[in-house]
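Enquirer: coords below, sequence missing:
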Ligand code: SF4
């Protein structure tokens, strides 16, 4: 440990996964030894300590109904109520009436114990994580094209690529340290090219060598159009296609329908821009594709991911240094959640509930009778909302997430949450917008107070040790789940005494799986620093970067990657004469999700003091809108109000609002009051990125 450093930790915000050092005088700085971040931090990581003691939930609170005030309760009373209610619901209505909604803010240990409790011991597969809103299309796309989830590339590739192709990601604001590494690489290698595909001229796009401001919902047109040109120019890796892929003929037939003139018109770009982009793919030996919510949050998110992977298969650019498809994870441990089975169709170790052999392996490991795990995948979070509407849920447990702001179609979401007869809400902070729907509040420790692991976007697992005492009576999420399990009589299954023992049990379940972590333990992470999976117990721990599929043998049964023949479907809700604008939304540099943490940090509030709406000058002129005017945005589901920000950074006909402001932080400025719940059929990820709206000026500036 360097001088003056009392702890090494991990930034708990985003999937970049930056290493932190906490100094003896209680400051935070970047950890130069962390391979992912190399000593860098963005403003969120740099101010993280300020949030630790603000508005913390200090002890359990209970109430009988939503109309009553909370009263303080002991842990014994709160957990007793939870255990007896679970038992009662399980025996009277059955496990289908029990749902839990968790979070990429969980440690892997939290995720794992929650899976064991819900899917194993309670017999309910209705556990979903908020990664459903974030990465589930990437998961489905990887599985369908490559045979398994798991990003093939690593951050080392940021410094080895000839061409970084960024689509649907505002990396400069949302994954700043990844972007810093890319820009540093370009400064040192001026021939490297940066292509950005985004309807907005974001800070990321402004740094690009080529920016394609395509119309929302036309990503597949663009990707198929690039493939059309590459095939037409003969710029394909025939040897790779012949020996390592299947499905090329159907794919080639599909992309025939995407000639440049059609693609350029649909995407709202020029043929020259399209050809320039395809030429960069053709000329570069190493193309690294980065993407995030702009691709995933779509009714065709999985198809978009697959259309992007197609380009890598077409050119053989996968498994080599500097190339490959690389999803940038939103949350700090969305990856760990996937590994631990934290979506409603998954089990630990990249296993699937629908697979009888996978269920049997997990039941055996958990020492449960055969058949304990129900054979059908559970409800996704939106299906939980529908089930609440239908009064099919009798016990709803929400932890470390704020669905009363982050789910789509908020009016409907909130009405559904209010119907729950019994909701447990477990979080670090109080108040939040979701707390008003709870019957029991449980105080959780936050990152500085608990020991656990998280996996970042490049499959690197970091141990984050506790370096402070919990505030009030807060407990670790995994401890709460385990205690409930023990109160239900499952003493052997939940006999964990440390987070290290939880991780050891989880890691053993990954043996022989694509995400093998039998070579990773808390002890090894303490000794060696962050480690990437796969790492088996026989392998020496190495902090060197690793890639998947370096031998071009993929995780499919025949070892070949699969081309996808996918056509563009466009938006679920395109603009029309009644709702003539497309509203999109996204993050700002200094804020995180619904501001549960960043809204409590003064410096970040000053950085982004208020929500706004971006509108193109042409549209503003037509509607007599001036900077600062108050605009009411109306969709088929709700309304919200924002101050106008006129900028040519947004395309005509498109509007942008930040997604961070819930009712706790501003009046009527919620992006999700407007969004719809239509989702991708494979990933169930909602199309949060686009909906049709109308605009009314309600007050001049
Ligand atoms: Fe934290 Fe992400 Fe910023 Fe790194 S880039 S300091 S992980 S918020």
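Expert: Everything's here; your move. Note that the structure is predicted; figures quoted are calculated from it, not measured.
Enquirer: for the ligand, what's its nearest residue on the stretch 451-600 of the chain.
Expert: Residue nearest to the ligand within the stretch 451-600 of the chain (C-beta to the nearest ligand atom): residue 592, separated by 7.1 Å. Every residue, glycine included, has its C-beta placed from N, CA and C.
Enquirer: and the residue lying closest to that residue once chain neighbours are set aside, what's its pLDDT?
Expert: In space, and not counting its chain neighbours, residue 592 is closest to residue 598: 4.7 Å by C-beta to C-beta, 6 or more residues apart in numbering. The per-residue pLDDT reported for residue 598 equals 96.
Enquirer: just to check, residue 598 is in contact with residue 604?
Expert: Yes: under the criterion of C-beta atoms under 8 Å, residue 598 makes contact with residue 604 at 4.6 Å.
Enquirer: shared neighbours of these two, anything?
Expert: Shared contacts of residue 598 and residue 604 (C-beta atoms under 8 Å, 6 or more residues apart in numbering): 44, 590-591.
Enquirer: sitting in helices, which of those residues do you find?
Expert: Judged by DSSP state H, these include residue 44 as members of helices.
Enquirer: nearest to residue 545 among the shared contacts of residue 598 and residue 604?
Expert: When the shared contacts of residue 598 and residue 604 are ranked by distance to residue 545 (C-beta to C-beta), residue 44 comes first, at 24.3 Å.
Enquirer: so what's that closest one closest to, chain neighbours aside?
Expert: Nearest residue to residue 44, sequence neighbours excluded (C-beta to C-beta, 6+ apart): residue 13, at 4.8 Å.
Enquirer: phi, psi of the one you found?
Expert: phi -90, psi -70 (degrees, to the nearest 10).
Enquirer: do residue 461 as well
Expert: The phi and psi torsions at residue 461 (degrees, to the nearest 10) take the values phi -100, psi 130.
Enquirer: give me every residue that touches it.
Expert: Listed by C-beta under 8 Å, 6+ apart, the contact partners of residue 461 are 108, 336, 453-455, 517, 520, 525, 530-533.
Enquirer: for the residues you listed, work out which two are farthest apart.
Expert: Of all pairs in these, the most separated under C-beta to C-beta is 108 and 532 at 14.2 Å.
Enquirer: point me to the residue of the stretch 201-350 of the chain nearest the ligand.
Expert: Nearest residue of the stretch 201-350 of the chain to the ligand: residue 332, at 6.7 Å (C-beta to the nearest ligand atom).
Enquirer: so what's that residue up against?
Expert: Applying C-beta under 8 Å, 6+ apart to residue 332 gives the contacts 10-15, 17, 104-105, 454, 456.
Enquirer: filter those by proximity to the ligand?
Expert: Restricting the contacts of residue 332 to those near the ligand by C-beta under 6 Å from any ligand atom leaves 11, 13-14, 17.
Enquirer: determine which two of those residues are furthest apart.
Expert: 13 and 17 (9.5 Å).
Enquirer: in terms of neighbours, single out the busier of these two.
Expert: Neighbour tally, residue 13 and residue 17, criterion other C-beta atoms under 10 Å: the higher count belongs to residue 17, 29 against 22.
Enquirer: quick one, helices of the stretch 101-250 of the chain?
Expert: Per DSSP state H, counting those that start in this stretch, the stretch 101-250 of the chain carries helices over the ranges 108-115, 136-146, 171-174, 176-188, 203-206, 219-232, 238-244, 248-255.
Enquirer: which stretches of the stretch 501-650 of the chain aren't confidently modelled?
Expert: Within the stretch 501-650 of the chain, no range satisfies pLDDT under 70.
Enquirer: up against the ligand, what does the chain have?
Expert: 11, 13-14, 16-18, 37, 41-42, 44-45, 175-177.
Enquirer: show the pLDDT at the closest residue to the ligand within the stretch 51-200 of the chain.
Expert: Residue nearest to the ligand within the stretch 51-200 of the chain: residue 177 (4.2 Å; C-beta to the nearest ligand atom). pLDDT recorded at residue 177 is 98.
Enquirer: what about it, neighbour count?
Expert: Counted with other C-beta under 10 Å, the neighbours of residue 177 add up to 24.
Enquirer: do the same with residue 639
Expert: Other residues within reach of residue 639, judged by other C-beta under 10 Å, total 16.
Enquirer: okay, now the unreliable bits of this protein?
Expert: Ranges of the chain meeting pLDDT under 70: none found.
Enquirer: pick out the residue nearest the middle of it.
Expert: residue 134 (3.3 Å; C-alpha atoms, centre = their mean).
Enquirer: contacting residues around the closest residue in space to residue 381 that isn't next to it in sequence?
Expert: Spatial nearest neighbour of residue 381, chain neighbours left out: residue 128 (4.5 Å); criterion: C-beta to C-beta, 6+ apart. Under the criterion of C-beta under 8 Å, 6+ apart, the contact partners of residue 128 comprise 99-102, 343-344, 378-381, 384.
Enquirer: make it 10 Å
Expert: By C-beta atoms under 10 Å, 6 or more residues apart in numbering, the contact list for residue 128 reads 99-102, 136, 342-346, 377-384, 684.
Enquirer: now do residue 127
Expert: By C-beta under 10 Å, 6+ apart, the neighbours of residue 127 are 98-102, 111, 114-115, 117-119, 341-344, 346, 378-379, 381, 384, 397.
Enquirer: mark which of those are part of strands, please.
Expert: 98-102, 346, 397 (DSSP state E).
Enquirer: can you give me the neighbour number for residue 501?
Expert: Quick note: residue 501 (other C-beta under 10 Å) scores 13 neighbours.
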